[in-house]
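# Okay, sequence plus prediction incoming.
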Amino acid sequence: MTERSPATRRTLWLVLSLVFAFLYIPIAVLVALSFNQGGLPTVWSGFSLKWYASLAGNAAILSAALNTLIVALVSTAIATLLGTLLAIGVEMRRQYGSGLEALIFAPMIIPDIVLAVALLSFFSMLDFTLGLHTIILAHVVFNLAFVCSVVRARLKSFDWSIVEASADLGASAVTTFRRVTLPVILPAVVAGALLAFTLSVDEFIIAFFTAGAGRASTTLPMQIYSMIRFGITPEINALATIVMAVSITALTLSQRLNRGVIGQ
Amino acid sequence: MTATTLRGRSLKTSAIALGLALALSAPAAAADLVISNWDGYMAPDAMAAFKAATGVSGEVVVHATNEEIMGKLVASGGKGYDVVFVSSPFAEVLNNLGLIETIDHAKVPNLANLYPEAAKLPHDVGNNFSVPYTWGTTGLCYRSDLVKTEPASWNDLLAPSDALKGKTTMLATDRWLLAAGQLAKGYSVNETDPAKLAEVKDLLISAKKTLLAYDDTTFYSKLVSGEALMVQAWDGWCNYGIAENPEIKYVIPKEGSDLWVDTMVVMKASANKDAAFQFINFMLDAKNHAWAAQNIDYKVPNKPAMESLPADFLAKFPNMSMPVAELVKFEQLRDVGDAQRDYSKIVSEIKAAQ
Amino acid sequence: MNSYRPSRSSLLMAPALAWLTALMVVPCALVLALAFFRRGIYGGIEYSFTLENFGLVLDPLYAGIFLNSARIAGTATLIAVVIGYAAAYAIAAAPRRWQPVFLFFAVLPFWSNYLIRTYAWIVLLNREGLITQLLRWFGYTGEPPSMLYTEGAVIAGLVYNYLPFVILACYAPLSRLNPELAEASRDLGASAMTTFRRVILPLTVPGIAAGAVFVFVLSIGNFVTPALLGGGRFQMIGNLVYDQFLTANDWPFGAALAMALIAIMLLVLTAQALAADRAAGRIAQAKGGADD
């Protein structure tokens, strides 16, 4: 795609500018409103941090944020471990049926609402008490699939003969893993973990269905949903800004650690 | 590099193990009682006052709608909750499902404060499984400064004048949505005859074309902002609007209203039933119940409480002074059993209609 | 050689596969089973076999909701694909070193909270919202247009939320496109439009298909966007499933609906795989031709 007429080039730049405007204006508006004293989208009444201050004093939001952090950290940890092992196992074997592929792919494509009602029925039938732990169990399902796919992408170019060589030199399987495999895949593992963390922090539907009673298992997205449903309060804008900043930081880190994660 | 990373990793692993142990360990709430109520449906200091009076601590969790808490209760068998606030038809269903406890009248002496009518409500004569907390009507809430003629009929909402088109909302909750159509047609709010229900459906589908939205959580703020000019509303919730803008008024259409009753029920799965009854008794105390009424702007079925309400409060919200005898003339929504599936289907049909 | 032993790889895969089996396969199988039972009178499940839930899915009402959801999801998909493809094309045409940066910023919003991105549209679209204010500022005095709680609002929300993925999916094949192919086509006298239609577009079909499938599947099962931006006036399959489980207490019917949703998803995925296969054939052909 080389020489282009100036007119074509102008058109392409115009397309890009419009698309970026479409993508970023709604977000920019929320961020701007979060600093608006009056809090209303109607008038700019001066710069203020008061909505952030009122967030800091909102016990329900703080407890929801803590719950979200617990869910995201624990589910990410489990998913990273299981997803990485899965990726190595799959790539080591190389020959796998389409059934296995489908099973690993399914959590990424299954509609959230279906997984949500399936888990709700399952937990309810087993007479499980719903709570943060059930959200964690559920989040690991899709998180491990995402971690696995990121790590697998890295392993595609992995030279398994080094593993062989290491084994031939008498290293145990564990040593080989620590000294040979892990250093190669570590950036992908961390990137996968950050991706999982981001997904878990933002996930709403499955958490909504698998959460138990009350504040003890209300996550931030659930809190945001109920705030939106109960009317527009300016606190949401401040909360939205913070949540976006956190996800964007995690994603940027993930991208830098493993070039092109999002491209896969 | 590898060695330090690995040390970091094992540290991380133990941190993970610890976190896991923490998260999976008893998800139990710290409070003695878990009470599920609508957001803002009791005095903000009620739990502190309850704790001061009895030493029992309670955590209030909120549900947005009856349906939402019903879904949770049915899915979990009621585990995790002690006292739940639900509207009467849902209390009936919970009772039929065997999820709620019989009210032990000996432990709730303040039941004596209820109006005699509130002890004979058709959904639960004698308050066997539910205790009424608030009651009232469903009618039209509107901006008297922006609506030219005072609405008088459900048809003013269902077939609005041109000025109101696109500026009305109806309740999203199945039963109350249908009730507007049933009342407009002059049918019972518990009508199950398919032919009559079909008429109601057609009426509500035609009404949908002029509707801004179905809304049962933010309709009063839409009135205050002017996004909507006339909404189907519960009387107390209209009062929230009146509190913010005195031009907002409430009227019961000439075809009538339902008599809705929000009740307190005790879950069978509760591990702390005595405390649960203690809580209900506390809420029924004349002073506490009056304080609740003043905080949430809803009528309460408590005689001494209602009689103690200050005059300026009653003047501000005219519908608070509605005589009990008039109120109980209206029909209650009842659980319709097998017909519920027809009701759900009709509501789906209305909401899917173009 | 012993590190390749299948037994070892099975051991590595076992925990994850066990997790997926216990918490995805079994629950989904359970939902499938639920769909064959009856709803109890007061909700709950009555364990007697029936096919009536699947019959109900085919009832004109619910089939109509399926069609309507498919129409809304399809419209959102079409718009997202057109905009996303144009954006991906523009990115692929940008100077090489800028491409990753543009791509990164195109995808970034996708990773911020879905609810928040949807909420932003309430702020923009409501009658007293930002767009109305802007119109007034420009001197518009009439009745503000009603934009929120319309089908347009629902579609805008879906397009906005899923657009980044389409850009990503379309960018991949566009960036790999061999510039010589387009040149050859032009040398042979084809117009820019013909080159695009006959050469570029067919070669990038797999990307379009992947993006389209993603948007379609996520849109048709969505319940948050219709609930928040549609004001409850639009019923999509996602809402219907939600309602059966959390409102109507009709789990068996909700289960049948969920299974129908899965069936649609499988159908769409199969179609995508077929489209990708055909495109792969064409690409192989094109490559063979270019080598000559």
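Great, that's in hand.
# remind me which residues of the chain are low pLDDT?
As the question left the chain open, I've gone with chain A. A:1-3, A:39-43, A:94-96, A:231-232, A:258-264 (pLDDT under 70).
# Chain B, not that one
In chain B (pLDDT under 70), the answer is B:1-30.
# Single out the residue in it that lies closest to chain C.
Residue nearest to chain C within chain B: B:Ala213 (2.8 Å; C-beta to the nearest C-beta). In this view, the C-beta of every residue, glycine as well, is placed from N, C-alpha and C.
# On the three-state scheme, that residue is what?
Classification of B:Ala213 using DSSP: H, G, I helix; E, B strand; the rest coil returns strand.
# Mind giving me the packing neighbours of the host helix or strand of B:Ala52?
Using DSSP states H and E, the element containing B:Ala52 is helix B:46-54. Counting by 3 or more C-beta pairs under 8 Å, 6 or more residues apart in numbering or on different chains; DSSP states H and E, the packing neighbours recorded for helix B:46-54 are strand B:58-63, helix B:273-284, helix B:286-296.
# Output the set of residues of the stretch 201-350 of chain B in proximity to chain C.
B:208, B:211-215, B:225-227, B:335, B:337-338, B:340-341, B:344-345, B:348-349 (C-beta under 8 Å from any C-beta of the partner chain).
# follow-up on the earlier one: buried residues, the helix holding B:Ala52. List them.
By neighbour count on 16 or more other C-beta atoms under 10 Å in any protein chain shown, the buried set for helix B:46-54 is B:Ala46, B:Met47, B:Phe50.
# longest single helix anywhere in chain C?
Criterion DSSP state H: the longest helix present in chain C is helix C:251-291.
# Is that one positioned near chain A?
Yes. Helix C:251-291 reaches chain A (C-beta under 8 Å from any C-beta) through C:Trp251, C:Gly254, C:Ala255, C:Ala258, C:Leu261, C:Ile262, C:Met265, C:Leu269.
# now the buried residues of helix B:46-54 in JSON lines, with distance to C:Arg278?
JSON lines is the format used below for the buried residues of helix B:46-54 (distance: C-beta to C-beta, whole Å):
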{"residue": "B:Ala46", "distance to C:Arg278": "67"}
{"residue": "B:Met47", "distance to C:Arg278": "65"}
{"residue": "B:Phe50", "distance to C:Arg278": "69"}
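# closest to chain A among those residues?
B:Met47 (12.5 Å).
# Who does the spatially closest residue to that closest one that is not a sequence neighbour form a beta bridge with?
The shortest distance from B:Met47 to any non-neighbouring residue, by C-beta to C-beta, 6 or more residues apart in numbering or on different chains, is to B:Gly58 (5.0 Å). Residues in a beta bridge with B:Gly58, per DSSP bridges, are B:Leu33.
# B:Gly58 against B:Met42, yeah?
No. Under the criterion of C-beta atoms under 8 Å, B:Gly58 makes no contact with B:Met42, lying 10.5 Å away.
# Taking chain C, what residue is nearest to chain B?
For chain C, C-beta to the nearest C-beta, closest residue to chain B: C:Gly231, 2.8 Å.
# show me the residues around that residue that make contact.
B:Thr169, B:Leu212, B:Ala213, B:Tyr214, B:Asp215, C:Leu148, C:Tyr149 (C-beta atoms under 8 Å, 6 or more residues apart in numbering or on different chains).
# Now do the strands in the stretch 251-354 of chain B.
Applying DSSP state E, counting those that start in this stretch to the stretch 251-354 of chain B gives strands spanning B:258-266, B:331-332.
# Of those, give the one that comes closest to chain A.
Shortest distance between chain A and those, using C-beta to the nearest C-beta, is found for strand B:258-266: 14.6 Å.
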